[in-house]
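Visitor: compute the structure for the input listed below.
(chains A, B, C and D, ligands or ions: 4)
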Amino acid sequence: MTSTEVTNTQGAADEKKMSIVAALNSALDIALTIDEKVLIMGEDIADPIGGVMKATKGLSDKHGVDRVRATPIVEQTIVGSAVGAALGGYRPVAEIMFMDFLCQAMDQIVNHAAKTRYMSGGHSSTPIVVRAMIGSSNFGAQHSQALEGWFMHTPGLKVVMPSNPYDVKGLLLSAIFDDDPVVFIENMSMSYSVTGMVPTGDYRIPIGEAAVVREGSDVTLITYGAEVHTSLAAAEALAGDIDVEVIDLRSLVPLDISTCLRSVQKTKRAIVVHGSTQFCGPGAEIAIQLTDALWGELAAPVARLGASYTPVPFAAELQSIPTETSVIAAVQVLAEQG
Amino acid sequence: MTSTEVTNTQGAADEKKMSIVAALNSALDIALTIDEKVLIMGEDIADPIGGVMKATKGLSDKHGVDRVRATPIVEQTIVGSAVGAALGGYRPVAEIMFMDFLCQAMDQIVNHAAKTRYMSGGHSSTPIVVRAMIGSSNFGAQHSQALEGWFMHTPGLKVVMPSNPYDVKGLLLSAIFDDDPVVFIENMSMSYSVTGMVPTGDYRIPIGEAAVVREGSDVTLITYGAEVHTSLAAAEALAGDIDVEVIDLRSLVPLDISTCLRSVQKTKRAIVVHGSTQFCGPGAEIAIQLTDALWGELAAPVARLGASYTPVPFAAELQSIPTETSVIAAVQVLAEQG
Amino acid sequence: MQNGHTGSPELTVPAIEDLEWMYSLMLEAKGADEAAAAEARQGKLQAALYPVRGLEGVCAALGVAMTDDDQMISSYRNLGDALACGIPLRTIIAEAYGRLGGTSKGKGGTMHLTDNERGLITTTGVVGSGLPMAVGLALAAQLDSSRSENAARAIVVTFGDGATSIGSAHESFNLAALWNLPLVFVCQNNQWGEHTAIDAYAANPNLAERVRSYGMHAEAVDGFDPMATWRTLSSALDRARSGGGPSFIECKTYRLTGHSGLSDYSYVPSDDLSAALERDPGPTMRRWLLENGYVSEARVSELETAAENTISEAFAFAQSSPPPDPSELLDDVYASKEGFPVR
Amino acid sequence: MQNGHTGSPELTVPAIEDLEWMYSLMLEAKGADEAAAAEARQGKLQAALYPVRGLEGVCAALGVAMTDDDQMISSYRNLGDALACGIPLRTIIAEAYGRLGGTSKGKGGTMHLTDNERGLITTTGVVGSGLPMAVGLALAAQLDSSRSENAARAIVVTFGDGATSIGSAHESFNLAALWNLPLVFVCQNNQWGEHTAIDAYAANPNLAERVRSYGMHAEAVDGFDPMATWRTLSSALDRARSGGGPSFIECKTYRLTGHSGLSDYSYVPSDDLSAALERDPGPTMRRWLLENGYVSEARVSELETAAENTISEAFAFAQSSPPPDPSELLDDVYASKEGFPVR
Ligand SMILES: Cc1ncc(C[n+]2csc(CCOP(=O)(O)OP(=O)(O)O)c2C)c(N)n1
Ligand SMILES: Cc1ncc(C[n+]2csc(CCOP(=O)(O)OP(=O)(O)O)c2C)c(N)n1
Ligand SMILES: [Mg+2]
Ligand SMILES: [Mg+2]
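Guide: Ligands and ions are numbered 1, 2, ... in the order given. Below is the predicted model of the structure:
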């Protein structure tokens, strides 16, 4: 699925079909195994339950509740204590159930984790990973927000948002062993439904490298996370008619704009597709960077398709987030333009 | 300074030279006087001190500590109780000293204030104003962030960021009597240094109307808040050489893109200048909207000049935020392009 | 809440009509939870569901203790609280189906029931976030009563035991005490926060003791005993209305199901669960009503049949209520749509 | 902290060298605060300044009670805390001037002193935010000591009385108690949070009592009495190091200046202030040292002269230290610069 080189240090040959949750679990298990400085903290993450999504299932039994620590309901202190443990030499992974609850932890993420290196004149590192999940409209407006745009706008953080089990595992391992704080974002809609072959051993995918997940010559869709699948479905539906290239950014900070540029230089037409609010969102940054770099070369303005300027509605009839249909429509409009 | 019509309901003729703090004080005093449902809450806001910036000086003595309430250090609950009081029929103004501390209150602003109307199917209103101040690098990286981009990216909020006492007063009065939650952002650097003639009575400036604060024909600078002054200074410095138009957005949500379009249709060149981080910031949204609407008409890509991708450094030698010099340089580069 | 009932604490037990209403509420809450879970299991209902099981008695007591003027802020586990406010079951269920007939026109969903007329001012899905809002709502009530001749109203905020861990709770306790607000913190202590037991997350699980140290009235009551709960809540509400300040009432129960509608709860120690089930508040109240002769067997059956009818009528109403039109997506974000981005 | 000193609580008073060091620290803190304020008043120093005045005795006691292995997280009012960790005054002052010779190369400023080698792990400018980080740092210490033969270390977090209002403090108290962490919460209670007195923001201003209810050791001590403070802190630190869990020590003092370097404090009741000034810890300690014959008049003068020299040397060093080069703006954001936006 990806073109990225794989560093496979143990059991290279072994692969298994995994869900995203299984890939998360495998990455966490490996990290806990190979480095005693790795810790996990979060609500309900200890066995027997092993996390509300079961991403940590079996890990406290195997590695001990000292290292896989269930916490009270204290998002601010989950992240804050991760920052403190990182300053004390550990590599903590903080699990926050729904991304919306990162609102409780913004101070520790933004004022502390993102800034300790700078404010200490480079003397301190804060190697934490904050894992958080974008929920779904079935839970309503407080359990479904995609807030990656905030973190992209916060210097000092890395932001990762993979779309498949292989990338999830390789990027989570990279994130845990990265010396900078990483916000690692998962989509609940993919947790069990997206599966794929994943090496059982340790491998890393570099943070900051996009993947061309479908080649095409007419229009480039630049996307990440769950919208990779929406975009791929739209591309398939349009196949034969419009030839669509799809780029899975995988990381948002650092942002692999070169891979995007190479593609759009070829297609001359691009749409950035994402599940977060369109207005003042990631797509605006990507679109203007492409416009700037390819001034005079584009066949039409770089388009965006993000979520509507509304809270996420509960009723299924109200669609705020890009769908296969809306992506298809956007591609068709763009292909006609210019 | 602005072209906006003024609704002056009392003492139309009376004007006074005011600092921004005096304008804030006057707006709050009028609001408390004309509507008993107006409340103010925040740390240290009661007399004798009347707020760390003295914006509420004299108000608790005049209107009572019941309505001008000093709170403990509880940003989350300052905003949360404002939301609750608003749901109970009041119009609370929550004062948060430094905008960085809004990190503590994101849940109440984003998950609650911004969404109660929608989540209640339109049955509830949450007419709060959250006043917060962008500090300065003298205080370091945790007291100097410009976070308006986050709030623009959050549907359900209005975002106001005025640049002068006249606008401050007229917009704050509008914000208080607006039925939606408003994030009202002040720049510490202007609090006392920027003064102007301000009517002593009640008048309102509509939220969502930009002002052309300097006319010019070569390049448009689109800006707001403290960077209006930086931009005006740069424009003056360039006068005779490059003729610069300056737009003060005043409100970011709703965003008055029409005023920007009218200007850029004329100048064909624009730079968005702001003190918040450039990457994934307000400038990206404005730039891509202009690009889209004026496709084929622009002489050069819409440029951006925001803060560098760093925490705000303390040492004065390190400049992360646009300066007169950097704005001048950006205008010169743009004027040569295309 | 029962129309016109003032929740006076002098009575040892509520009036017969209130007792019947309490029992009916408990039946409706339990039955509706079960019916919703069944619908969800069949894939016919796409909604997060948080059953009230174990807390029915607390909700019923609250419904009688609150007056029509009192107001509440609730959380995701809100079905019983909503009934306590007197909200018709059918609008609650319609909201779960995302239909126009719901309390929020289907836009909020199960975690965001709102009915301003009936006093359910807002419902939060974020643990602990109701408390700061309740502080503000209580401030509004306090200011209103200082300005008018109208009867003072009290504010109730409901939340779980797990919510006492989070920072917003602490800030709110202090502020409520400091400002002497007419606020009753109703802690629905079911001994679990999702999958974590109270002893595993609280160094001192005596929550009332902890909150007492803020300088406010705090007490624990057996939430499986609806009468004791009613008395304790009534006096807390009276205290609030009469200027006596806030209270923290820890209603001790036990969670009789999983955390959410369909979630596994095999991790709950079976001894604890069966001991708790012995004290299941619905059957307990039924026995008590009969043993003390407050109602006859026949009347109990009547109430049970009525509750069943209410439930099936509610689901039928919900299922036949139209969904919002796709064009309504952009409504209700702001007071007016003018000038705002659509995407 | 004093090199090699173990802070043993069996001694009634610290060793003479420690007593002298304590007095010197108090002089340096007060003198440096004053010199910095004078510089700021003349516009020569552009920095937020939060004087330690009133807390010098607490910082001095902490410096002796902590071992070299112990670690601290402090807040904006950190000059005395930094000296307690043994950080040379000149790097503290150089940071205030934004110079390369500062603890953070001038990038952090006065509110963000950091010296990992000397145990000052981080300093926050956000009220209350140090506590969650201290929980994590104490967790690291606990895990480290469970894995090695090395002596256990304790973690100290300092914060003001006003910080006890905010949610993060509450979350941290519970977690520290729950996890039995080697953590000492040192509440520098100067009776004021900026311009608001403790009685105006806390319904129960007995902070130790409040924190005790979390199930941890909590006590108040007279922070104007450096010996009593030293004894209390020493035994709290010993308890932490020996697995006895966390403590909350409320050091009661009074703020002897304005909240910040140049701020007005005419709102402080003058009777309270003059009563507090009678107990000014520096002069108190001086008298006590002399009266008890620990040091001679001559030695006291020597220490005073030395402190003055240290202060002037520190300002001279700071002023002559070069500022960072403009090109360093983009350094230290990430471990490596590659791939990141510059604007
Ligand atoms: C801030 C926040 N963190 C986590 C969650 C996820 N969550 C939902 S309910 C719950 C448990 C709450 O326990 P408790 O307060 O005891 O209430 P109960 O569900 O038992 O009624 C959790 C952790 C949330 N909704 N909000
Ligand atoms: C979260 C937050 N809110 C507000 C402030 C502004 N502020 C700085 S110091 C202070 C008072 C703190 O009082 P206290 O905790 O008693 O410490 P002291 O300053 O007295 O040492 C306030 C409100 C802040 N820095 N952080
Ligand atoms: Mg519970
Ligand atoms: Mg204080």
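
Visitor: show me where pLDDT drops low in chain C?
Guide: For chain C, the stretches flagged by pLDDT under 70 are C:1-11.

Visitor: taking the stretch 101-250 of chain C, what residue is nearest to ligand 3?
Guide: When scored by Cβ to the ion, the stretch 101-250 of chain C has C:Gly160 as its residue closest to ligand 3, at 3.5 Å. C-beta: built from backbone N, CA, C; applies to glycine.

Visitor: excluding its backbone neighbours, what's nearest that residue?
Guide: C:Gln188 (5.5 Å; Cβ to Cβ, 6 or more residues apart in numbering or on different chains).

Visitor: quick one: secondary structure of that neighbour?
Guide: What DSSP: H, G, I helix; E, B strand; the rest coil gives for C:Gln188 is strand.

Visitor: before we move on, the earlier item: list the contacts of the residue of the stretch 101-250 of chain C closest to ligand 3.
Guide: Residues in contact with C:Gly160 (Cβ atoms under 8 Å, 6 or more residues apart in numbering or on different chains) are C:75, C:77, C:127, C:187-190, C:193.

Visitor: which residues in the stretch 51-200 of chain C form strands?
Guide: With DSSP state E, counting those that start in this stretch, the ranges of strands along the stretch 51-200 of chain C come out as C:71-75, C:120-124, C:155-160, C:183-189, C:192-193, C:196-197.

Visitor: the last one near ligand 3 anywhere?
Guide: It stands for strand C:196-197. No. Using Cβ under 5 Å from the ion, we find that strand C:196-197 stays clear of ligand 3, coming within 9.2 Å at best.

Visitor: tell me the strands beside that strand, with direction?
Guide: In the sheet, strand C:196-197 lines up against strand C:192-193 (antiparallel) (DSSP bridges).

Visitor: does the strand it pairs with reach ligand 1?
Guide: Yes. Under the criterion of Cβ under 6 Å from any ligand atom, ligand 1 is reached by strand C:192-193 at C:192-193.

Visitor: contacts for that strand?
Guide: A:43, A:72-73, C:127, C:160-163, C:165, C:198, C:201, C:255, C:259, C:268.

Visitor: would you turn the strands of the stretch 51-200 of chain C into TSV with distance to ligand 2?
Guide: Shown next, in TSV, are these (distance: least, Cβ to the nearest ligand atom, whole Å):
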stretch	distance to ligand 2
strand C:71-75	24
strand C:120-124	22
strand C:155-160	23
strand C:183-189	24
strand C:192-193	26
strand C:196-197	28
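
Visitor: to B:Asp180, which of these lies closest?
Guide: Minimum separation from B:Asp180 across these (Cβ to Cβ) falls at strand C:120-124, 15.9 Å.

Visitor: ok and the residue in chain C nearest ligand 1?
Guide: Ligand 1 sits closest to C:Gly160 of chain C, with a gap of 2.0 Å, by Cβ to the nearest ligand atom.

Visitor: between the contacts of C:Gly160, which is nearest B:Pro165?
Guide: Nearest member of the contacts of C:Gly160 to B:Pro165, counting by Cβ to Cβ, is C:Val127, at 42.5 Å.

Visitor: for the closest one, which residues are in contact?
Guide: A:73, C:75, C:159-160, C:162-163, C:166, C:193.

Visitor: so where do the helices sit in the stretch 51-200 of chain A?
Guide: Under the criterion DSSP state H, counting those that start in this stretch, helices of the stretch 51-200 of chain A are mapped to A:59-63, A:75-87, A:106, A:116-119, A:148-152, A:165-176.

Visitor: I should have written the stretch 201-343 of chain C there, sorry.
Guide: For the stretch 201-343 of chain C, helices defined by DSSP H, counting those that start in this stretch occupy the ranges C:207-212, C:226-241, C:270-278, C:281-291, C:297-320.

Visitor: just put the ones you listed in a markdown table and tack on mean neighbour count and distance to B:Arg204.
Guide: Listed next are these as a markdown table, based on neighbours: other Cβ atoms under 10 Å in any protein chain shown; distance: least, Cβ to Cβ, whole Å:
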| stretch | mean neighbour count | distance to B:Arg204 |
| --- | --- | --- |
| helix C:207-212 | 22 | 44 |
| helix C:226-241 | 23 | 38 |
| helix C:270-278 | 12 | 59 |
| helix C:281-291 | 17 | 55 |
| helix C:297-320 | 16 | 44 |
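
Visitor: which one of the ones you listed lies closest to D:Gly243?
Guide: Comparing these under Cβ to Cβ, the one sitting nearest is helix C:207-212, at 24.3 Å.

Visitor: how far off centre is that closest one?
Guide: Relative to its parent chain, helix C:207-212 has a centroid offset of 21 Å by Cα atoms, centre = their mean, to the nearest Å.

Visitor: residues contacting that helix, please?
Guide: The contact list for helix C:207-212 (Cβ under 8 Å, 6+ apart) reads C:161, C:164, C:173, C:185, C:187, C:189, C:204, C:218-220, C:248, C:250, D:213-214.

Visitor: was I right to think A:Val65 contacts A:Ala46?
Guide: Yes. Between A:Val65 and A:Ala46 there is a contact under Cβ atoms under 8 Å: 5.5 Å.

Visitor: just say helix, strand or coil for A:Gln265.
Guide: Per three-state DSSP, A:Gln265 ends up helix.

Visitor: just give the closest residue to C:Thr91, not the sequence neighbours.
Guide: Using Cβ to Cβ, 6+ apart, the closest residue to C:Thr91 is C:Thr103 (4.9 Å).

Visitor: I meant to write A:Ala293 there.
Guide: Nearest residue to A:Ala293 in three dimensions, chain neighbours excluded: A:Leu261, at 5.6 Å (Cβ to Cβ, 6+ apart).

Visitor: tell me the secondary structure for the one you found?
Guide: Here A:Leu261 is recorded as helix under three-state DSSP.

Visitor: what sits against it?
Guide: Shown in contact with A:Leu261 (Cβ under 8 Å, 6+ apart): A:290, A:293-294.

Visitor: in helices only, show me the residues you listed.
Guide: Among the contacts of A:Leu261, the ones falling in helices (DSSP state H) are A:290, A:293.

Visitor: need the contacts of A:Leu261 in TSV with neighbour count and pLDDT, can you?
Guide: Shown next, in TSV, are these (neighbours: other Cβ atoms under 10 Å in any protein chain shown; pLDDT from 0 to 100):
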residue	neighbour count	pLDDT
A:Leu290	25	98
A:Ala293	16	98
A:Leu294	17	98
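
Visitor: export the contacts of A:Leu261 as CSV, with columns for distance to ligand 2.
Guide: Formatted as CSV, these follow (distance: Cβ to the nearest ligand atom, whole Å):
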residue, distance to ligand 2
A:Leu290, 39
A:Ala293, 41
A:Leu294, 44
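
Visitor: with the contacts of A:Leu261 in mind, which one is nearest to ligand 3?
Guide: Distances from ligand 3 to those, taken by Cβ to the ion, are shortest for A:Leu290, at 49.3 Å.

Visitor: contacts only, for the nearest residue to the closest one once chain neighbours are set aside.
Guide: Taking Cβ to Cβ, 6+ apart, and ignoring the residues beside it in sequence, A:Leu290 has A:Val302 as its nearest neighbour in space, at 5.0 Å. By Cβ under 8 Å, 6+ apart, A:Val302 lies in contact with A:264, A:270-272, A:286-288, A:290-291, B:288, B:291.

Visitor: distance of the spatially most central residue of chain A from A:Thr277?
Guide: With distances taken as Cα atoms, centre = their mean, the residue of chain A nearest its centroid is A:Met161 (0.9 Å). Plainly put, A:Met161 is 15 Å away from A:Thr277 if you go by Cβ to Cβ, to the nearest Å.
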